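Undergrad: structure for this input, please:
(4 chains)
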Number of protein chains: 2
Amino acid sequence: MEDRTPVPPPHPADDVTEHVGYRLKRAAAALRGAMDKALREHGLTVPQYACLELLDQRPGLSNAELARGTFVTRQSMNVVLRGLQDAGLISRPATTDHGRALPAHLTERGRERLHAARSAVYAIERTMVDAFPQRRLAALLTDLDRMADALGG
Amino acid sequence: MEDRTPVPPPHPADDVTEHVGYRLKRAAAALRGAMDKALREHGLTVPQYACLELLDQRPGLSNAELARGTFVTRQSMNVVLRGLQDAGLISRPATTDHGRALPAHLTERGRERLHAARSAVYAIERTMVDAFPQRRLAALLTDLDRMADALGG
DNA sequence: TCTTCCATGTCAGGATTTTGACATAGGGGA
DNA sequence: TCCCCTATGTCAAAATCCTGACATGGAAGA
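TA: Presented below is the predicted three-dimensional model:
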């Protein structure tokens, strides 16, 4: 169709705020802020919630796997897990008979806390999705993924 | 309480990785990582680069204004500015005759450093944009903005 | 004028995250 | 078997960022 792009229009924009990176950062910052505020009322931080959510869907994940799933380092996830463990929201065996990875699991308290916080987070998700035409949702998701893939995410 | 949701169609996905928030976080993390790696070769951090870029387009911005423009707190931007000032990349008057805001400006060294780093960052931007159909770029930008606006960004 | 309010710059403290490093466990070849 | 390579968990130190707080400058209104 209109492959009529004589000049490189991707982003010759003279204004940084027109760049994809800037918009992405802005949206991510807004999301982070909203989640941070909402989760504070449930006594959770964003990484903690992400960890619980991941463990709920895929029980038995190890520290390193959780770190990759939440886009932080192993070391960061390690302190997050300790916090959750001290709060009694997850459990981890002290040793394992095979390998080094220690599988983590939600406790009953962890499940309850997650379910309580989830509604608040879902409301935020809903707010985001309702902010633009729904027919574009699928495209948005795939485009975000493609960008991440292209950057080696 | 809440009447049970008749239908949660936006994203009834059972998998967290299907959520907009997750994708957004993933893309932002990938971008951050790529920029971090590229800018390190130029002796800059991501916030430092963002600050220089903003100052190049809008000279005279104050600490608080830069903070809002880069989505960090005033305090964080303050240490960033000190670092840039110590490195001789920006200049800030010690006092002002009117008000409290201290207008910052790029030095010649700052401009040179920015121009050098800019090419690396633009290459990343290009990689992102080329990862999806070009006709969707405008929609993506506006949708990201709408999400941020909806969340109070 | 004076008083209230908001924005700004800055300090102090703590929380979070990262970088760097090390030892261990397991798999795959030579 | 032995060696190499990768992955994992963990420690230590530093960097980064945020929350809370305070004092100042200016504007708006009584």
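
Undergrad: which secondary structure element is home to whichever residue of chain A sits closest to DNA strand C?
TA: Across chain A, no residue is closer to DNA strand C than A:S76, which sits at 3.3 Å (Cβ to the nearest atom of the strand). For the C-beta atoms, the positions are set from N, CA and C on the backbone; glycine is no exception. Using DSSP states H and E, A:S76 sits within helix A:74-86.

Undergrad: up against DNA strand D, what does chain A have?
TA: A:36, A:62-65, A:74-75, A:78, A:100-102 (Cβ under 7 Å from any atom of the strand).

Undergrad: can you list those residues in CSV and add distance to B:F132 and secondary structure?
TA: Formatted as CSV, the residues of chain A next to DNA strand D follow (distance: Cβ to Cβ, whole Å; DSSP: H, G, I helix; E, B strand; the rest coil):
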residue, distance to B:F132, secondary structure
A:D36, 29, helix
A:S62, 33, coil
A:N63, 33, helix
A:A64, 30, helix
A:E65, 28, helix
A:R74, 31, helix
A:Q75, 33, helix
A:N78, 35, helix
A:R100, 39, coil
A:A101, 35, coil
A:L102, 39, coil
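
Undergrad: among those, name the buried ones.
TA: A:62-63, A:65, A:102 (16 or more other Cβ atoms under 10 Å in any protein chain shown).

Undergrad: hang on, the earlier thing: can the helix holding A:S76 be said to contact chain B?
TA: No. Using Cβ under 8 Å from any Cβ of the partner chain, helix A:74-86 stays clear of chain B, coming no nearer than 12.2 Å.

Undergrad: now do stretch A:140-153
TA: Yes. Stretch A:140-153 is in contact with chain B by Cβ under 8 Å from any Cβ, via A:140-153.

Undergrad: now those in TSV, with neighbour count?
TA: As requested, those are exported to TSV (neighbours: other Cβ atoms under 10 Å in any protein chain shown):
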residue	neighbour count
A:L140	22
A:L141	19
A:T142	14
A:D143	23
A:L144	27
A:D145	18
A:R146	16
A:M147	26
A:A148	24
A:D149	13
A:A150	19
A:L151	21
A:G152	10
A:G153	18
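
Undergrad: redo these as TSV? Include secondary structure and distance to A:R23.
TA: TSV is the format used below for those (DSSP: H, G, I helix; E, B strand; the rest coil; distance: Cβ to Cβ, whole Å):
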residue	secondary structure	distance to A:R23
A:L140	helix	12
A:L141	helix	16
A:T142	helix	17
A:D143	helix	12
A:L144	helix	11
A:D145	helix	16
A:R146	helix	16
A:M147	helix	11
A:A148	helix	15
A:D149	helix	19
A:A150	helix	16
A:L151	coil	15
A:G152	coil	20
A:G153	coil	17
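
Undergrad: among those residues, which two are most distant?
TA: A:L140 and A:G152 (20.7 Å; Cβ to Cβ).

Undergrad: does A:I124 touch B:L24 like I think?
TA: No. Checked against Cβ atoms under 8 Å, the pair A:I124 and B:L24 is beyond contact range at 11.3 Å.

Undergrad: who has more neighbours, those two?
TA: Between A:I124 and B:L24, B:L24 has the larger neighbour count (other Cβ atoms under 10 Å in any protein chain shown), namely 23 against 20.

Undergrad: remind me what the helix or strand hosting that one packs against, helices and strands.
TA: Assigned by DSSP H and E, B:L24 belongs to helix B:20-40. Under the contact definition 3 or more Cβ pairs under 8 Å, 6 or more residues apart in numbering or on different chains; DSSP states H and E, helix B:20-40 sits against helix A:20-40, helix A:108-129, helix A:137-150, helix B:46-57, helix B:108-129.

Undergrad: nice, that's everything, thank you.
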